[in-house]
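Undergrad: Build me a model from this:
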Amino acid sequence: MNIEQIYTGCLSQGAYYIESKGEVAIIDPLREVQPYIDRAAKDNAKIIYIFETHFHADFVSGHVTLAEKTGAKIVFGPNAKTNFPSHIAKDGEVFKLGDIEIVAMHTPGHTMESTCYLLRDQNRKDYALFSGDTLFLGDVGRPDLAQKSDLTMEQLAGTLYESLRNKVMPLADDVIVYPAHGAGSACGKNLSKETQGTIGNQKLTNYALRADMTKEEFIKEVTAGLLPPPSYFPLNVKLNKEGYDSIDEVLAVGKTALSPAKFEQLANDTDALILDVRHQTDFIKGFIPRSIFIGLDGSFAPWVGALIKDIEQPILLVCPEGREEETVTRLSRVGFDHALGYLDGGIEAWRKAGKELDSLVSVSASTLAAKIAENNAVVFDVRRPGEYESEHIVDVANTPLDFINDYLEQFPTDKEFYVHCAGGYRSVIAASILKARGFHNVIDVAGGFDSIKESTIKTTDYICPSTP
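TA: Below you'll find the predicted structure:
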């Protein structure tokens with residue numbers, strides 16, 4: 001028996017490769033499926049099952065394409081309905097894989113079809129639980145993502161409580177837990193940086209598995225402080241239920257090299273968004289006017305999904321040399337399949353062609369400190385509310401990047417203003433969006449709050465207003 005976790009940091013997502021006696025199961029595969037096929041070929045093994053823990057919202061799974069290429073059977077848990085051939089497992093149904101077993105364990109609550117898969121070794125001993133979004137390390141799945149459910153968030157949380165108490169917590173303490181996500185995922189709020197653990201450790205450390213926790217306490221704690229889910233989540237669920245184009249077709253178009261003239265023509269003749277995915281320091285120095293920055297070296301795919309509202313949006317790409325295919329692939333992971341091509345030769349080719357460039361003003365934290373001392377600085381913090389509440393600049397507004405378009409009326413049009421995040425990545429995204437919206441008076445703070453804390457700028461933690 002061989003179990004491999006294939007973890008993708010950009011999505012904070014774990015897929016799993018399980019092999020026994022030449023037979024392979026893949027759990028929650030990513031959109032690009034060739035690595036799984038190649039891995040099975042290396043073992044001279046055959047992929048026979050593709051297990052899906054639920055209809056994922058934060059990424060497009062590779063189940064449909066992988067089944068088409070290998071003939072493997074797609075397996076979902078009870079209550080799932082798909083527009084493609086799939087096997088809907090019964091609760092407790094056993095699937096043979098070589099000399100081991102995988103048992104479907106229906107655990108509704110995150111979504112109503114959510115199912116964990118319990119692996120029993122060759123001695124029929126419970127060995128590992130592939131827990132999907134039902135159980136994370138340090139948290140459980142948020143109960144507000146079920147699509148077209150007639151149940152409230154609180155009712156789903158109550159269902160999740162029963163699933164955890166009746167199905168998961170009775171497992172032996174030494175059973176390994178392999179979750180679908182780790183820290184950074186929007187599918188929970190308190191996920192650990194660790195990517196595997198044990199049932200026993202989770203009983204000791206996971207707030208949601210406290211032995212003395214009542215259902216009412218569970219519902220209250222699990223639903224408290226949930227931010228609205230990103231707008232692309234329901235769109236990804238729809239693709240995972242109904243199917244999608246092959247990634248091979250998506251790549252064939254997206255990897256089209258476009259001359260500066262052709263790139264400009266497409267930008268003018270279509271409603272394509274120009275997406276610049278270089279490093280923020282390169283973007284600041286020069287970029288195509290009205291382009292949006294979301295760098296590959298940050299949490300690229302989740303920010304694309306959160307900030308580009310239309311999944312059908314045509315996209316023109318400005319990429320670091322040699323990373324064009326990677327960019328198109330990572331876009332497709334969150335359902336953005338309409339990349340029209342990339343700028344051949346990058347910004348240097350655009351510059352040599354005599355095309356117009358824009359740039360972004362970026363200043364150090366010490367420069368911002370001097371402006372604040374002069375009472376001449378309007379500053380906005382684009383970090384998430386939890387980060388802001390932990391510590392922030394005195395008298396500075398929080399305008400989280402996730403919902404930047406909801407705050408446009410707060411940004412001044414008649415004077416310069418500054419934006420910062422934690423380290424400098426998100427503030428450049430925010431500044432690019434604001435520039436594209438006509439706010440040419442925006443200034444980025446390089447190094448973000450990490451640099452601000454080392455400066456003379458006065459900060460404070462959040463003080464909750466008193467209740468009248």
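
Undergrad: Could you give the number of residues near Gln5?
TA: The local packing count at Gln5 equals 14, with neighbours defined by other CB atoms under 10 Å. To be clear about C-beta, it is placed using only N, CA and C from the backbone, and glycine gets the same treatment.

Undergrad: Surely it and Gln196 touch.
TA: Yes: taking CB atoms under 8 Å as the contact criterion, Gln5 and Gln196 are neighbours in contact, 6.5 Å apart.

Undergrad: Between these two, which contacts overlap?
TA: Tyr178 (CB atoms under 8 Å, 6 or more residues apart in numbering).

Undergrad: Now do the buried residues in stretch 191-203.
TA: For stretch 191-203, burial by neighbour count (16 or more other CB atoms under 10 Å) applies to 191-192, 195-199, 201-202.

Undergrad: In strands, which of those residues appear?
TA: 197-198 (DSSP state E).

Undergrad: which one of the buried residues of stretch 191-203 is nearest Glu324?
TA: Here the nearest of these to Glu324, counting by CB to CB, is Thr195; it sits at 29.1 Å.

Undergrad: Skip the chain neighbours and tell me the closest residue to that closest one.
TA: Spatial nearest neighbour of Thr195, chain neighbours left out: Gly182 (4.9 Å); criterion: CB to CB, 6 or more residues apart in numbering.

Undergrad: Hmm, the one you found is touching Asn190, no?
TA: No: under the contact definition of CB under 8 Å, Gly182 does not touch Asn190, with a separation of 11.4 Å.

Undergrad: okay, those two: which has more neighbours?
TA: Set Gly182 next to Asn190 and count neighbours by other CB under 10 Å: Gly182 wins out with 22 against 16.

Undergrad: So the residue of the chain most remote from its centre versus Glu325, what's the distance?
TA: Distance from the C-alpha centroid of the chain, by CA atoms, centre = their mean, peaks at Glu374 (40.4 Å). Glu374 sits at a distance of 48 Å from Glu325 (criterion: CB to CB, to the nearest Å).

Undergrad: again, but for Val304
TA: Taking CB to CB, one finds Val304 at 16 Å from Glu325.

Undergrad: now do Arg437
TA: Using CB to CB, one gets 31 Å for the distance from Arg437 to Glu325.

Undergrad: do Gly98 as well
TA: Using CB to CB, Gly98 is found at 34 Å from Glu325.

Undergrad: Of these two, which one has the most company?
TA: Between Gly98 and Glu325, counted using other CB under 10 Å, the more crowded position is Gly98 (18 against 14).

Undergrad: so what's the more buried one up against?
TA: With contacts defined as CB under 8 Å, 6+ apart, Gly98 is in contact with 1, 19-23.

Undergrad: Check Cys319 too.
TA: 277-278, 296, 327, 342-343, 346.

Undergrad: For stretch 51-69, buried residues please.
TA: When neighbours are counted by 16+ other CB under 10 Å, the buried residues of stretch 51-69 are found to be 51-67, 69.

Undergrad: try stretch 220-228
TA: If you call a residue buried by 16+ other CB under 10 Å, then stretch 220-228 has these buried ones: 221-223.

Undergrad: got a list of what the closest residue to Val64 other than its chain neighbours touches?
TA: Spatial nearest neighbour of Val64, chain neighbours left out: Gly243 (5.0 Å); criterion: CB to CB, 6+ apart. Residues in contact with Gly243 (CB under 8 Å, 6+ apart) are 64, 82-84.

Undergrad: do the same with Ile292
TA: Shown here is Ile292, whose contacts under the criterion CB under 8 Å, 6+ apart are 273-276, 307-308, 429, 432-433, 436.

Undergrad: State the pLDDT value of it.
TA: What the model reports for Ile292 is a pLDDT of 98.

Undergrad: and what of Gly386?
TA: Reading off the confidence values, Gly386 has pLDDT 86.

Undergrad: So, low pLDDT: which residues of the protein?
TA: Applying pLDDT under 70 to the chain picks out residues 147-149, 462-468.

Undergrad: Break it down into its domains, please.
TA: By the record's domain assignment, the chain is partitioned as 2-234, 245-352, 361-460 (automatic domain parsing).

Undergrad: can you give me how far the longest one is from the chain middle?
TA: On the basis of CA atoms, centre = their mean, to the nearest Å, the separation between the geometric centre of domain 2-234 and that of its chain is 16 Å.

Undergrad: what do you get for the shortest one?
TA: Put simply, domain 361-460 sits 24 Å off its chain's centre (CA atoms, centre = their mean).

Undergrad: From start to finish, how long is it in a straight line?
TA: Here the two ends of domain 361-460 are set 27 Å apart, with distance taken as CA to CA, to the nearest Å.

Undergrad: What is the nearest of the buried residues of stretch 191-203 to Val361?
TA: Lowest distance from Val361 to the buried residues of stretch 191-203 (CB to CB) belongs to Leu191, with 36.1 Å.

Undergrad: residue contacts, the closest one?
TA: Contacts for Leu191 were tallied using CB under 8 Å, 6+ apart; they are 12, 136-139, 181-185.

Undergrad: Buried subset of those as a ChimeraX selection?
TA: Selection command for ChimeraX covering only the buried members of these, criterion 16+ other CB under 10 Å:
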select :12,136,137,138,139,181,182,183,185
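
Undergrad: quick check, nearest of the contacts of Leu191 to Ser366?
TA: Taking the contacts of Leu191 together and measuring to Ser366 by CB to CB, the closest member is Gly184, at 30.4 Å.

Undergrad: where exactly do the strands run in the stretch 1-150 of the chain?
TA: 2-8, 13-20, 23-27, 46-51, 73-76, 87-88, 94-97, 100-106, 115-120, 126-132 (DSSP state E, counting those that start in this stretch).

Undergrad: Quick check: the gap between the closest residue to Glu454 other than its chain neighbours and Gly424.
TA: The spatial neighbour of Glu454 that comes closest, neighbours along the chain excluded (CB to CB, 6+ apart), is Ala365 at 6.9 Å. Distance of Ala365 to Gly424, computed by CB to CB: 10 Å.

Undergrad: got any residues that touch both of those two?
TA: Taking CB under 8 Å, 6+ apart as the contact criterion, the residues that touch both Ala365 and Gly424 are 445-447.

Undergrad: how many other residues sit next to Gly345?
TA: Applying the criterion other CB under 10 Å, we find 17 residues in the vicinity of Gly345.

Undergrad: I meant to write Arg120 there.
TA: Residues near Arg120, counting by other CB under 10 Å, number 15.

Undergrad: any idea what sits nearest it, other than its immediate chain neighbours?
TA: Glu101 (4.4 Å).

Undergrad: residues in contact with the spatially closest residue to Gly184 that is not a sequence neighbour?
TA: Taking CB to CB, 6+ apart as the measure, Gly184 lies nearest to Ser12, with 3.8 Å between them; neighbours along the chain are not counted. Applying CB under 8 Å, 6+ apart to Ser12 gives the contacts 181-185, 191.

Undergrad: Please determine how far Ser12 is located from Leu401.
TA: As it turns out, when the distance is counted by CB to CB, Ser12 lies 17 Å from Leu401.

Undergrad: just to revisit the earlier point, just the ones of the contacts of Gly243 in helices?
TA: Within these, membership in helices is found for Val64, as judged by DSSP state H.
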